[in-house]
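[1] quick one, what's the 3D model for this:
(chains A and B)
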Amino acid sequence: MAERTHAGRRPLWLVLALVYGFLYIPIAVLVALSFNEGGLPTVWSGFSLKWYGSLAANKEILSAALNTLIVALVSTAIATLLGTLLALGIEMRRRHGRALEALIFAPMIIPDIVLAIALLSFFSMLNVTMGLHTIVLAHVVFNLAFVCSVVRARLKSFDWSIVEASSDLGASAITTFRRVTLPVLLPAVIAGALLAFTLSVDEFIIAYFTAGAGRASTTLPMQIYSMIRFGITPEINALATIVMAVSIAALTLSQRLNRTVAP
Amino acid sequence: MSDPKTLLSIDNVSKSFGSVLAVDRVCLDIRENEFFALLGPSGCGKTTLLRVLAGFEAPSGGRLLLDGKDIASIPPNRRPVNLMFQSYALFPHMTVRANISYGLEMEKLPAAEIRRRVDEMIATTQLSELADRKPEQLSGGQKQRVALARALVKKPRVLLLDEPLGALDKKLRGAMQLELKRLQDEVGITFIIVTHDQEEALVMADRMAVLKDGGLLQCDTPHEIYEHPADRFVADFIGVMNFCPGRAAIDGVVSAGGTLVKGSPPSGMANGKAAIAAVRPERVLLFPAEDIVNRTSGKVVALAYHGLDLQLHIQTPLSEKPFLVRVTADAADRRPIGVGDAVEIGWSAVDTRIFED
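    Modelled structure (predicted):
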């Protein structure tokens, strides 16, 4: 009886394997090829780190990586500060927060391409010279929404009476924020920041639209895109592997932090 | 209370939220070193009143005088009043010791003094072994002690306690009631406790106030309130009461069946007015002696065994609801009674209370 049940489940396992294969085999191939000695995607000619070495020597890639790092760090910092304050504001004034709440999630739902066009028109309308600073601002727009939603999720289970308790024990509003509210929310704030950082690092469309002319403000995804026009090289595979490793590390950390704060 | 000096005067205080009047012109004088209870059913405004005293809500009207000075406009962080929260509201990221010293750090006291006072309070509340734990590692009773210690260490003029024992199980609650009383004696601070549990108020309070719909019904010692409730609601809310509805007469209440329940109506109660006679179960006698004036016969409809006593539900012509009568285990053994038995019950006229109905 048990065996038949097991046999009956076999097609399901097969489907599962196919789905996971579809998701992960291309990534696995990409990672494997980044360590391939020869440059051909069809022939495995031995393990090598030489493509990672050639990445490190590529000035264009390094400058794009630096740009990405700047955009990600600055937009994350701004989005984390504003997103946390916004989450607090919405939760504290829940009654008036409904409309605010819906509006803040719009950047998460609106297709990136729409947001990209909107931001491009906005910046040109204001006659802003575009560059890294406009990418930063554009990334703040959607990162803000993500940080806000992570912090708000934490605030749902936040015991507001500890804020009153702090005040009752003699603390001013600022002291209460510094010594009670922020430390209790900190894991969620950091988790939100890591998520924002990850999203910013591999964001392409919005950055592409708001980077302006010239190569000075090329980010890593834009750089990869321009390199791909001449075919996929093992260098790109290596670069993609690094980007993926950074993203996975940040996301894992973010989720772990989010789990530790859940009461 | 050896010193009946008024410490906190709640003078005609009201609090409304929009069109809802949560506290309605309450006047109370709380005395120095008193254990005072605010008692009422949920929604009676007792917690709102407590929050007004703590400073989290501004009164819509009236004055709050502490040592004769109006404190209504002083924010909570500068009031010499502390609140112990119902949820305890311990800081989850701080140890027990850090929780307790927080309030003293806010007063910017010298580190040595903070240390001394925190140590002292940890010893008083028997938390020495737990001082380095985080709140999540504590049981409900331990959290309650930390919350108490955190508020008491500041030596407030008044300590407010919002349903402090609500989250504890029944046995622990009994022990903590005595513990709270002992602590209050030891630290010599005025306690104002909010509770919906009338038994808790009776056990702990020196004096208590009964609230309903935001208004004050009665303020007195537990004994006075139990023995002489101000109205029908208080009589029903505090303890258990048997009621016989009817019409007021000069010397009692004439029940619906025409029997006169003897007692003294409150002065000014007009004859023939709807009134209700009431008597506590422990004042009702089974098979009363000849000289007991109020007597009726009835039938036992239910029995409830409580160990210490036996509670009989006796249907009589005096009321629709059966009378509740308590018989000691000892008496019940001497004269066994079962469901369906016909019995006679009675009580003295002095034990009858009469209220407007």
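[2] contacts only, for residue B:129.
    By Cβ atoms under 8 Å, 6 or more residues apart in numbering or on different chains, the contact set of residue B:129 is empty. All C-beta atoms are positioned from the backbone trio N, CA, C, and that covers glycine.
[3] just checking, what packs against the longest helix anywhere in chain B?
    The longest helix of chain B (DSSP state H) is helix B:170-187. Using 3 or more Cβ pairs under 8 Å, 6 or more residues apart in numbering or on different chains; DSSP states H and E, the elements in contact with helix B:170-187 are helix B:111-124, helix B:140-152, strand B:190-195, helix B:198-204.
[4] ok, which of the ones you listed comes nearest chain A?
    Checking these against chain A by Cβ to the nearest Cβ gives helix B:140-152 as the closest, at 7.0 Å.
[5] buried stuff in that closest one?
    B:141-152 (16 or more other Cβ atoms under 10 Å in any protein chain shown).
[6] contacts for that helix, please.
    A:165, A:168-169, B:82-85, B:88-90, B:96, B:99-100, B:102-103, B:121-122, B:124-127, B:130, B:135, B:138, B:159, B:161, B:164-165, B:167-169, B:172, B:176, B:180, B:183, B:187, B:189.
[7] lowest-confidence entry in the buried residues of helix B:140-152?
    Lowest pLDDT of these: residue B:141, 87.
[8] quick check: residues of the stretch 51-200 of chain B near chain A?
    Within the stretch 51-200 of chain B, the positions adjacent to chain A are B:54-56, B:75-78, B:82-83, B:85, B:87, B:89-93, B:102-103, B:106-107, B:136, B:150-151, B:154 by Cβ under 8 Å from any Cβ of the partner chain.
[9] helix, strand or coil for the residue lying closest to residue A:228 once chain neighbours are set aside?
    Among residues not flanking residue A:228 along the chain, residue A:236 sits closest, at 6.5 Å (Cβ to Cβ, 6 or more residues apart in numbering or on different chains). Of the three states, residue A:236 takes helix under DSSP: H, G, I helix; E, B strand; the rest coil.
[10] point to the residue nearest the middle of the chain.
    Reading this off chain A. residue A:199 (1.8 Å; Cα atoms, centre = their mean).
[11] hm, I was asking about chain B
    residue B:201 (2.8 Å).
[12] can you give me the strands in the stretch 151-300 of chain B?
    Under the criterion DSSP state E, counting those that start in this stretch, the stretch 151-300 of chain B contains strands at B:158-162, B:190-195, B:207-212, B:215-220, B:242-249, B:252-255, B:260-262, B:274-279, B:285-286, B:294-305.
[13] so what strands line up beside the shortest one?
    The reference is to strand B:285-286. strand B:342-347 (antiparallel) (DSSP bridges).
[14] check residue B:232 and give its pLDDT.
    Looking at residue B:232, its pLDDT stands at 94.
[15] helix, strand or coil for the closest residue to it other than its chain neighbours?
    Nearest residue to residue B:232 in three dimensions, chain neighbours excluded: residue B:355, at 4.2 Å (Cβ to Cβ, 6+ apart). Assigned with three-state DSSP, residue B:355 falls in the strand class.
[16] now render the helices and strands packed on helix B:170-187 as JSON lines, adding distance to residue B:313.
    Shown next, in JSON lines, are these (distance: least, Cβ to Cβ, whole Å):
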{"stretch": "helix B:111-124", "distance to residue B:313": "46"}
{"stretch": "helix B:140-152", "distance to residue B:313": "35"}
{"stretch": "strand B:190-195", "distance to residue B:313": "28"}
{"stretch": "helix B:198-204", "distance to residue B:313": "21"}
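[17] residue A:145 is nearest to which of those?
    Closest of these to residue A:145 is helix B:140-152, at 36.8 Å (criterion: Cβ to Cβ).
[18] and the closest one with strand B:190-195, angle?
    140 degrees (axes from the mean of the first three to the mean of the last three Cα atoms, to 10 degrees).
[19] helix B:140-152: how far from the chain's middle?
    Distance of helix B:140-152 from its chain centroid, counting by Cα atoms, centre = their mean, to the nearest Å, is 21 Å.
[20] related to what we said a few turns ago, among the residues of the stretch 51-200 of chain B next to chain A, name the buried ones.
    B:54-55, B:76-77, B:82-83, B:85, B:87, B:89-93, B:102-103, B:106, B:150-151, B:154.
[21] from those residues, which land in strands?
    Judged by DSSP state E, the subset of those located in strands is B:82-83.
[22] so what's the residue count around the closest residue to chain A within the stretch 251-357 of chain B?
    Chain A sits closest to residue B:306 of the stretch 251-357 of chain B, with a gap of 37.2 Å, by Cβ to the nearest Cβ. Residue B:306 is flanked by 9 other residues according to other Cβ atoms under 10 Å in any protein chain shown.
[23] next: residue B:60.
    Residue B:60: 14 neighbours (other Cβ under 10 Å).
[24] got the domain boundaries for chain B?
    B:6-227, B:240-356 (automatic domain parsing).
[25] before we move on, the earlier item: ok, for the residue nearest to the centre of chain B, nearest residue in space, not its chain neighbours?
    residue B:37 (3.9 Å).
[26] and for residue A:33?
    Using Cβ to Cβ, 6+ apart, the nearest residue to residue A:33 is residue A:237, at 4.8 Å.
[27] again with residue A:75
    Going by Cβ to Cβ, 6+ apart, residue A:75 has residue A:139 as its nearest residue, at 3.6 Å.
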